[in-house]
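> Show me how the following folds:
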Amino acid sequence: MRAFVLSILLALTTACSVPVAPAPPPPPPPTAAVPPSAQPLVEVVNRVMPVAVRACRSQRTRQRCDFLVALDDSPDIEANAFQTLSRDGRPVIGFTLPLVQQTRNADELAFILAHEAAHHIAGHIARGQNSARIGADLIGGLVAAGGGNDVAIREAQNFGAFLGARRYAQEFELEADALGALIAREAGYDPLRGVMFFQNAPDPGSSFLGTHPPNAARVDIVRRALAGS
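Prediction:
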């Protein structure tokens, strides 16, 4: 079942990420063949991802814009959505079925999808990796200069990489919220209604090393992004 769901979403996202002036893509699989658990995500993908692809291409960078959206339909895994890169550098957005089931409406699901696409468009993976390298070099270099042995230097580099990766994590989340709000709105969804998904999630507060900003800050950045565009 899991591979079947992935193949459906792959067909849909491939159809919206081909080059300009392509041959007409094949029609998506019949709606009747889509498992009910995947249907809400499929419908949102069809509307949001063409907008995300255009936003990605408008950046005029060398990063790839041929998004792949995948759903893990295992019922007993953690609710989660994420953005990553495949081994060959293709941007991948992943959802778990419990996350899809936790959303209360299409606006919330569309906002989450647009948010994850925005992470790629803003280059957050590469920027986070660069920050981690800088942190590793800095902390490791300080320990080496102080006469630390190889083990101490490696531990310092690992800690420095951790700090470096966390340094901009909350900033990246807010950037993705702002851009994701604009993508969701262009796709015909209500981002203010969508960001309310986080109001029902545990508030991470303002921990220095936390990866996610306070829920109130997320709502505020969406309001400001929409008002300023």
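
> Test my guess that Ser229 contacts Ala178.
No - taking contacts as Cβ atoms under 8 Å, Ser229 lies outside contact range of Ala178: 9.2 Å. From N, CA and C alone the C-beta is placed, and that goes for glycine too.

> Those two - which one has more neighbours?
Ala178 (21 against 10; other Cβ atoms under 10 Å).

> OK, contacts around that one?
Shown in contact with Ala178 (Cβ atoms under 8 Å, 6 or more residues apart in numbering): Ala118, Ile221, Val222, Arg224, Ala225.

> pLDDT averaged over stretch 110-127, what's the number?
Per-residue pLDDT over stretch 110-127 has a mean of 89.

> Give the buried residues for it.
Residues 110-122, 124-125 are the ones in stretch 110-127 that count as buried (16 or more other Cβ atoms under 10 Å).

> and the residue lying closest to Gly194 once chain neighbours are set aside, how far is that from Ala118?
Leaving aside its chain neighbours, Gly194 sits nearest to Phe111 (2.8 Å; criterion: Cβ to Cβ, 6 or more residues apart in numbering). In this view, Phe111 and Ala118 are 10 Å apart by Cβ to Cβ, to the nearest Å.

> Mind listing the shared neighbours of those two?
Both Phe111 and Ala118 are contacted by Gly180, under the criterion Cβ under 8 Å, 6+ apart.

> I'd guessed the residue nearest to Gly194 sits against Gly180; true?
Yes - taking contacts as Cβ under 8 Å, Phe111 lies within contact range of Gly180: 6.2 Å.

> Quick check: neighbours shared by these two?
Pro191.

> Strands along this structure, start to end?
Ranges of strands in the chain, per DSSP state E, are 68-72, 81-85, 91-96.

> So which bits of the second one are buried?
Of the residues in strand 81-85, those buried under the neighbour-count criterion (16+ other Cβ under 10 Å) are Ala81, Gln83.

> in its sheet, what does it sit against?
Here strand 81-85 has these sheet partners by DSSP bridges: strand 91-96 (antiparallel).

> CA atoms only: put the partner strand into CSV for me.
Taking C-alpha atoms only, strand 91-96 is exported to CSV below (Å, rounded to 0.1, in the frame of the first residue of the first chain):
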residue,chain,number,x,y,z
PRO,A,91,13.8,18.2,-3.6
VAL,A,92,11.5,15.8,-1.7
ILE,A,93,8.6,16.7,0.6
GLY,A,94,7.5,14.0,2.8
PHE,A,95,4.3,13.5,4.9
THR,A,96,3.2,10.9,7.3
